[in-house]
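Peer 1: Requesting a structural model of the entry that follows:
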Amino acid sequence: MLTLATLWWLSFWTAVGLCVGSFLNAVIHRLPRQKSLRDPIWSFCPVCRHRIRWFDNLPVLSFVLLSGRCRHCGVPISTRYPVIEMSMALIVLMLVDSFFIGQVRTGLSTSVFGLTDRLSYDWPILLAHITLFACLLSMSAIDLEHYWVDIRFTNLATVVGFACHAMWTPAHSRDWVRPSDTTAVVSLFALAGLGITWVVVACQPPADVEGDEQEPDEEAEVFPEVTRARKPPPSLVSGPRAAGWVAGVLLLGTFVMLALDEANAVASLELRHTGRALLPLLMFFFLIVWESCAQRPSDIQIAEAIHQERHTARRMVLTELVHFLPAIVTGAFGLWLMTRGGEIPERISSGLHAGARIDGIAMMRNWSPLTGMATAASGYIIAGALGWAVRIVFTLILGKEAFGTGDIHLMSAAGCVAGWPVVVLGFFLTCVLAMAGWLIALPFKKTRALPLGPWLAISLLAVVLYYDGILSTPTVSRLIDAVQYLLLGQGSTS
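Peer 2: All right, here's what the predicted structure looks like:
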């Protein structure tokens, strides 16, 4: 019975990943071209514009049955489509493995009653991570081609992160990346300060455009980091067919190994989580390198934009720093409240951990929504503070934009879902992987521009999968304590 349940859940999550990946393909194609996701609601061939019927739109299967060509015009379909679909399915299975089958993450259920019971307690945290990495996958594909990071992706991941964390506070989740009471209060107050800034900015009237009347630059609104007008971007370069075969073999192999591991079907075979996750990560690494080698007009455009903005870069980041003053002030007030002594800190802590009990729902028998919200808030604030500190400091030193705002939003969303230590570790891993990828691609592409989003995404995925093992090393533990001390004036592993 447990074997059938395991096969059902693995099939279900694989199908979820494939379907989400299919939707991401539409997002990746339409958003950079300023096309609506709702009009038309159906999929269509980008060449002949013919509507794609449902039986030609099945993830991976339709690509194989059609021999990789449009049924109506016969134009080859980019290999990117099945690769994105299978990559998303792989990511979902890797998360299921890390959280529930390989059980290498602490803070999650270790129930011996099978995958169904574990999911009944911890499905919100899995859903939050699937949403996060679905957004990161689509952002990475767009960033590789257009150097665009659309913050609507990060906003979605952040909202889902807050909602899922507010629901997910079972007793065993105390071993998850939870903040101390002081960190939680400072983060919630700082979040309120960011809300004040958002309201003030949103209420400001739009600036009048001087000069000749012209249509508003919709690309600049959707992609605030790229403010110059452009022609519609070209189609994505089709990756090698070998990438599709490799992704398919890895997806099938991962499915089989997870089924055998969970069902204990092969007692003599050690199917370790470490090896299962490593091969897909290597595939993602080389896919990013491959896409980075392609010559695109956006390489020159982004380099020129950074060069043209060098005279205003320092003034720009100082203006951004002013926008954060309400968050800094409110955060400092929260820190003062928690360190002043007396009954107030105790009352705040009691309110923070105030619980409710819903007996009919397994994961809500020890429900504490404020604790969950504080967990998401601390990850969002600390990860974002790290990104903005890097951007402001290095822009002031170098005199040109040092770190994109879209990448900072990406870090904040990841911190909200996965916790700020994951982002800190992922940031340092990003520097290593991005440099390695740039060196590999250098003989084929000599541009100085480097889309950082894909490297952040793969680094964050690697840290999420191997978090406990990485954190167990003394050097990394001291690094996390140092960041906690620098940002909030206290050392803690939470």
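Peer 1: Any chance of the backbone angles for residue 367?
Peer 2: Backbone dihedrals for residue 367, given as degrees, to the nearest 10, come out at phi -80, psi 130.
Peer 1: Quick check: bridge partners of it?
Peer 2: residue 356 (DSSP bridges).
Peer 1: Which parts of the host helix or strand of residue 346 count as buried, going by neighbours?
Peer 2: If you go by DSSP states H and E, residue 346 is part of helix 343-352. Neighbour-count burial for helix 343-352 flags 345, 348, 349, 352 (criterion: 16 or more other CB atoms under 10 Å). (Glycine included, C-beta is placed from N, CA and C.)
Peer 1: One more: stretch 173-183?
Peer 2: For stretch 173-183, a neighbour-count test (16+ other CB under 10 Å) marks 173, 176, 177, 178, 179, 180, 181, 182, 183 as buried.
Peer 1: Make a markdown table out of those residues and add pLDDT and distance to residue 314.
Peer 2: Shown next, in a markdown table, are the buried residues of stretch 173-183 (pLDDT from 0 to 100; distance: CB to CB, whole Å):
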| residue | pLDDT | distance to residue 314 |
| --- | --- | --- |
| 173 | 88 | 44 |
| 176 | 89 | 40 |
| 177 | 85 | 35 |
| 178 | 89 | 38 |
| 179 | 90 | 33 |
| 180 | 88 | 36 |
| 181 | 90 | 38 |
| 182 | 91 | 34 |
| 183 | 91 | 31 |
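Peer 1: So which of those residues is the closest to residue 332?
Peer 2: residue 182 (12.3 Å; CB to CB).
Peer 1: quick one, phi psi at that closest one?
Peer 2: phi -60, psi -50.
Peer 1: so which of the buried residues of helix 343-352 comes closest to residue 113?
Peer 2: residue 352 (31.9 Å).
Peer 1: what's the neighbour count on the residue nearest to that closest one when sequence neighbours are not counted?
Peer 2: Nearest non-adjacent residue to residue 352, counting by CB to CB, 6 or more residues apart in numbering: residue 370, 5.3 Å away. Residues contacting residue 370 under the criterion other CB atoms under 10 Å number 17.
Peer 1: Looks to me like residue 370 is in a strand.
Peer 2: No: counting by DSSP: H, G, I helix; E, B strand; the rest coil, residue 370 is not part of a strand but helix.
Peer 1: So, low pLDDT: which residues of the stretch 151-300 of the chain?
Peer 2: Along the stretch 151-300 of the chain, the parts satisfying pLDDT under 70 run over 204-240, 265-272, 296-300.
Peer 1: try it again with 50
Peer 2: 209-237, 267-270 (pLDDT under 50).
Peer 1: can you pull out the helices in the stretch 101-250 of the chain?
Peer 2: In the stretch 101-250 of the chain, the helices defined using DSSP state H, counting those that start in this stretch lie at 115-146, 151-167, 181-203, 218-222, 241-263.
Peer 1: Which of the ones you listed sits closest to residue 289?
Peer 2: helix 115-146 (10.4 Å).
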